[in-house]
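Visitor: sequence? don't have it. structure:
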């Protein structure tokens, strides 16, 4: 007799494996750091011993460093196996099938997937047509069943931010109603806006950060989740004791010390983001404002032609045209000046070719 | 207003952090590989690039290798972030709060923790007093609500195996009743008994393996979960797409190629296990049979004195005396001839000292 999974799992779509074979190409598709982590991290990796690999992970040292770096207490955060695990952890800890979450869309796909596993009601609130945050619409949708509101700031894939006062308004209203707010700040380093100093004022606030973007450690899987110690106490009960690997821990120790590297890298990205935006606009394309390391660009009809032609040149960008509000849009990562120039030159050629063929 | 977690989480005990500061000591406490992984893995680590770290993990190559190595199809297994994630994944996929799991005890503590998060009924079945497997008692406890049976073979911390015919009996009965069997084979390499070739005959069977023990990769977090493709399809829907990090993938590629290393290491452990057992018995201690890389030894009253005196000598063993059936017992890992001799010499001295003081 076949063993049936839970009803919620039966209802889920089959798994769609992520794209692979990306090595060696110009990776502007996954919002990674396209030049990589601080060289000091690579130096450390060369000195790894058999004991570093054979021993179960130890977290004392990294916990101390994280507390100092982010100016929080050691009982106000948790390390997670990427932000993915952080999101799942929050849902596993707080959500029951009878609960409702409010999910502004389009956004990072894992929010919906993890909520579907639990089987809670997912109420989607559409971003504004200009990809601005739908604050009023979100607040209108709060119901007696609402247990969690997802805020992604800046948001992937829109690239846009939420007005600070709007976040405050949402935090205050949801605090009164006992609703949890998950504020994902994965792209903080390219934007600078954060509510981290507010975790003690808003006991309903949980913030997630990642080492996969600016820090260039996506392959190692490391996220951090911040909240008031009372919440961390509960979340810790549900977290696997060894979910973060030793190499991620050791790499983060070094990466956090090299503040100069992150600062330089973020500044470079912000600078090049402006240049690429202007150059794309010169080509007559609509480019949405971005506070991240990528640009959502409306290529009109030839969006898939552009995507495929870029792929032929080993330049990877992400097709987000099937997302709500993002018809004909590609998400384009920002890299070094040289990488951006290569991208722009390719787009110019491809669009010119396409126009000739019309 | 404080946000309350789910009832099941409120009921759970607070998190008890694992022991740390173990580096540089003789680690015979966590069943790790006390000399470490194949030296070829370390060589690979020295050639890691920034791209290996910055890129999201890719699994195509390791999936092909795992399929070949274990002689299964690519749709008959999943890589997990250690066996911990594999166990949680199975429970998240199949268990609802109204379900019951049958858990023979004493066993690996994460089974009970993950089941508690879901809130299903945990029916514990005590091992026999000789630490043999309680087959009849287990079968008697099957109820209409039973959805999952946990078998750990060989079992941690008892070190004992389940008779092959008993496993078959349990598999057949549970197959008829649509009950899932999770067979954890973490210590397979020190025992050699496996039901991996039976995953297609028993569609209710899921087997877990780990790279944390014989392979010496505990710090990297890598497990594999095997089952019929129909089950893998469901489990894959619930698994995070990037839960296994790139270094674990790259290390496993090399480790699986160095078959000779694992063979030599396992033979050494089996050989030294017999020697240590005999030597401990010469000291008048009761040592239970073991098919793993550790020995459960009853030290009588001075068990905690022995543990602490060993710690002073930087030799770490695990106190399991508060586990059912294991009163006064320490779990002692097996290492190289030299490591075992160091351990034995210390125990001889400590016991002699203790006897003098009585």
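Guide: Cool, got the structure. Predicted model only: the values in this text are computed from it and were never measured. Numbers count the residues shown, from 1 in each chain, chains lettered A, B, ... in the order given.
Visitor: What residues does the residue of the stretch 251-358 of chain A found nearest chain B make contact with?
Guide: In the stretch 251-358 of chain A, the residue that lies nearest chain B is residue A:251 (7.0 Å; CB to the nearest CB). Just so you know, the C-beta spots here come from the backbone N, C-alpha and C atoms, and that holds for glycine as well. Contacts of residue A:251 were listed using CB atoms under 8 Å, 6 or more residues apart in numbering or on different chains, and they are A:37, A:41, A:44-45, A:211, A:217, A:220, A:222, B:53.
Visitor: Repeat that for residue A:90.
Guide: Here residue A:90 is in contact with A:148, A:180, A:182, A:206, A:225, A:235 (criterion: CB under 8 Å, 6+ apart).
Visitor: Now flag whichever of those residues is closest to residue B:10.
Guide: residue A:235 (12.6 Å; CB to CB).
Visitor: Skipping its backbone neighbours, what lies nearest the closest one in space?
Guide: Closest residue to residue A:235 apart from its sequence neighbours, by CB to CB, 6 or more residues apart in numbering or on different chains: residue A:93 at 5.2 Å.
Visitor: The one you found: neighbour count?
Guide: 23 (other CB atoms under 10 Å in any protein chain shown).
Visitor: Tell me the secondary structure of it, please.
Guide: helix (DSSP: H, G, I helix; E, B strand; the rest coil).
Visitor: Quick check, it in contact with residue B:5.
Guide: Yes: with contacts defined as CB atoms under 8 Å, residue A:93 counts as touching residue B:5 at a distance of 4.9 Å.
Visitor: Spit out the residues that contact the two alike.
Guide: residue A:234.
Visitor: Tell me the spacing between residue A:66 and residue A:49.
Guide: Going from residue A:66 to residue A:49 by CB to CB, to the nearest Å gives 23 Å.
Visitor: So residue A:252 lies in a helix, does it not?
Guide: Yes: checked against three-state DSSP, residue A:252 lies within a helix.
Visitor: Per-residue pLDDT of it, please?
Guide: With respect to pLDDT, residue A:252 scores 98.
Visitor: quick one: contacts for it?
Guide: A:62, A:65-66, A:211, A:215, A:217, A:222.
Visitor: ok, those residues vs residue A:283, which is closest?
Guide: residue A:215 (32.0 Å).
Visitor: Confirm for me that the closest one is in contact with residue A:262.
Guide: Yes: using CB under 8 Å, residue A:215 is in contact with residue A:262, at 6.7 Å.
Visitor: what residues are shared contacts of those two?
Guide: Joint contacts of residue A:215 and residue A:262 (CB under 8 Å, 6+ apart) are A:38, A:189, A:255.
Visitor: was I right about the first one contacting residue A:253?
Guide: No: contact between residue A:38 and residue A:253 fails when scored by CB under 8 Å: they sit 11.3 Å apart.
Visitor: who has more neighbours, these two?
Guide: Shown here are residue A:38 and residue A:253; by other CB under 10 Å, residue A:38 has more neighbours (26 against 16).
Visitor: And for residue A:183, the neighbour number?
Guide: By other CB under 10 Å, the residues close to residue A:183 number 25.
Visitor: for it, helix, strand, or coil?
Guide: strand.
Visitor: who's it bridged to?
Guide: Counting by DSSP bridges, residue A:183 is bridged to residue A:151, residue A:207.
Visitor: show me the contacts for it.
Guide: Contacts for residue A:183 (CB under 8 Å, 6+ apart) come out as A:151-153, A:167, A:195, A:205-208.
Visitor: Mind telling me what element residue A:30 is part of?
Guide: Residue A:30 belongs to no helix or strand when elements are defined using DSSP states H and E.
Visitor: Now for it: which residues touch it?
Guide: A:22, A:218, A:318, A:333, B:55-56.
Visitor: thinking again about what came up before, and chain B, which of the contacts of residue A:252 contact it?
Guide: Restricting the contacts of residue A:252 to those within reach of chain B (CB under 8 Å from any CB of the partner chain) leaves residue A:217.
Visitor: which one of the contacts of residue A:252 sits closest to chain B?
Guide: residue A:217 (5.8 Å).
Visitor: which residues does that closest one contact?
Guide: Shown in contact with residue A:217 (CB under 8 Å, 6+ apart): A:37, A:41, A:211, A:248, A:251-252, A:255, B:53-54.
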